[in-house]
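In: Model the following, please.
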Amino acid sequence: MRFETDLLVRQHTSYMSQPENAAEARKFETLVDHMFHYFFKVLGMTEAEARAVIDDFESSFSKVPYEVFCLNN
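Out: Now for the predicted structure:
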């Protein structure tokens, strides 16, 4: 995951820690859907910029070996 993506994901996590924003997120089907909303509507990114951050974020999960994932769950 790129450094910029990591910062934006952390910023989203901080945003989600506020009760009113957590309630907002429940209206979305997935966390990623809410992240896209946050990047696009709240931060004012273009759709392409928001999608690029989401794509980078999601690609980081495909790099985690299955064995490591299972050990942590």
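In: phi, psi of the nearest residue in space to residue 31 that is not next to it in sequence?
Out: Distances taken as Cβ to Cβ, 6 or more residues apart in numbering put residue 25 closest to residue 31, at 7.1 Å, once the chain neighbours are dropped. For the C-beta atoms, the positions are set from N, CA and C on the backbone; glycine is no exception. In terms of degrees, to the nearest 10, the main-chain angles of residue 25 are phi -60, psi -30.
In: got it, and residue 43?
Out: When quoted as degrees, to the nearest 10, the phi and psi of residue 43 stand at phi -90, psi -20.
In: which stretches of the chain have low pLDDT?
Out: Across the chain, the stretches falling below the confidence threshold (pLDDT under 70) are 62-73.
In: now the strands for it?
Out: Counting by DSSP state E, one finds no strands in the chain.
In: Can you list the residue ranges for helices in it?
Out: Listed in chain order, the helices found in the chain under DSSP state H are 3-16, 19-25, 31-37, 47-61, 66-71.
In: Buried deepest among the ones you listed, which one?
Out: Taking mean count of other Cβ atoms under 10 Å as the contact definition, the stretch among the helices of the chain with the greatest mean neighbour count is helix 31-37, which reaches a mean of 16.
In: who does that one touch, helix- and strand-wise?
Out: In this structure, helix 31-37 makes packing contacts with helix 3-16, helix 19-25, helix 47-61, judged by 3 or more Cβ pairs under 8 Å, 6 or more residues apart in numbering; DSSP states H and E.
In: please redo it, this time with the cut-off set to 6 Å
Out: helix 47-61 (3 or more Cβ pairs under 6 Å, 6 or more residues apart in numbering; DSSP states H and E).
In: ok, residue 32 - contacts?
Out: Taking Cβ atoms under 6 Å, 6 or more residues apart in numbering as the definition of contact, the neighbours of residue 32 are residue 54.
In: give me every residue that touches the residue nearest to residue 56 when sequence neighbours are not counted.
Out: When the adjacent residues along the chain are set aside, residue 56 lies closest to residue 5, with 4.4 Å between them (Cβ to Cβ, 6+ apart). Counting by Cβ under 6 Å, 6+ apart, residue 5 makes contact with 53, 56, 57.
In: what's the answer for residue 37, then?
Out: So residue 37 contacts nothing (Cβ under 6 Å, 6+ apart).
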